[in-house]
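Chemist: this one's structure only:
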């Protein structure tokens with residue numbers, strides 16, 4: 001991707017938005033980590049995706065090369081179209097922040113859009129993706145964290 005193009009996460013140019021994180025900087029908060037991870041999926045930045053997994057994430061117990069091979073194969077079938085942040089919550093008493101988002105994408109020319117409530121925790125070096133709950137959500141307009149927890 002050309003650094004002067006708009007960032008896949010919907011922010012400013014890639015150079016001003018997610019590129020610094022993909023190149024080693026730490027996102028300042030959970031939402032920026034989530035946005036930069038979305039851009040990393042779009043751009044197949046597998047090193048970044050691995051680095052930003054929390055040590056307690058299930059994938060961290062897997063062989064990294066196998067994880068990368070499976071992820072790379074899956075990414076080839078996907079076409080990411082849009083990211084929408086629906087709601088966020090700052091870190092709770094346990095230090096876990098939440099980001100609720102919707103991704104519009106297709107897989108093999110079929111709609112595969114979903115919403116996810118992601119949980120993030122700081123590991124001492126930076127924010128890391130801990131776990132997420134996904135749902136098919138055809139119309140995410142107006143959905144908040146409170147709506148998600150009630151359904």
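Modeler: Everything's here; your move. Computed from a predicted structure; not experimentally measured.

Chemist: For the worst-scoring helix or strand of the chain on mean pLDDT, list every residue counted as buried.
Modeler: Least confident element among the helices and strands of the chain, by mean pLDDT, DSSP states H and E: helix 145-150 (a mean of 86). The neighbour-count check on helix 145-150 (16 or more other C-beta atoms under 10 Å) flags residue 148 as buried. Every residue, glycine included, has its C-beta placed from N, CA and C.

Chemist: Can you tell me which helices and strands it packs against?
Modeler: strand 78-89, strand 96-107, strand 114-122 (3 or more C-beta pairs under 8 Å, 6 or more residues apart in numbering; DSSP states H and E).

Chemist: And the next helix or strand past the longest helix along the chain?
Modeler: In the chain, taking DSSP state H as the definition, the longest helix is helix 30-43. Counting by DSSP states H and E, the next helix or strand C-terminal to helix 30-43 is helix 46-51.

Chemist: Compute the distance from the centre of that following helix to the centre of its chain.
Modeler: 11 Å (C-alpha atoms, centre = their mean, to the nearest Å).

Chemist: by how many degrees do the helix or strand following it and strand 96-107 diverge?
Modeler: Reading on from helix 46-51 to the C-terminus, the next helix or strand found by DSSP H and E is helix 64-75. Orientation of helix 64-75 against strand 96-107 (axes from the mean of the first three to the mean of the last three C-alpha atoms, to 10 degrees) gives an angle of 50 degrees.

Chemist: Show me which residues of helix 64-75 are buried.
Modeler: Neighbour-count burial for helix 64-75 flags 67, 68, 71, 75 (criterion: 16+ other C-beta under 10 Å).

Chemist: Without its sequence neighbours, what residue ends up closest to the second one?
Modeler: Spatial nearest neighbour of residue 68, excluding adjacent residues (C-beta to C-beta, 6 or more residues apart in numbering): residue 46 at 5.1 Å.

Chemist: Who are the contact partners of that neighbour?
Modeler: The contact partners of residue 46, by C-beta atoms under 8 Å, 6 or more residues apart in numbering, come to 40, 68, 71, 72.

Chemist: thinking again about what came up before, contact partners of the least confident helix or strand of the chain?
Modeler: 87, 88, 89, 98, 100, 115, 117, 133.
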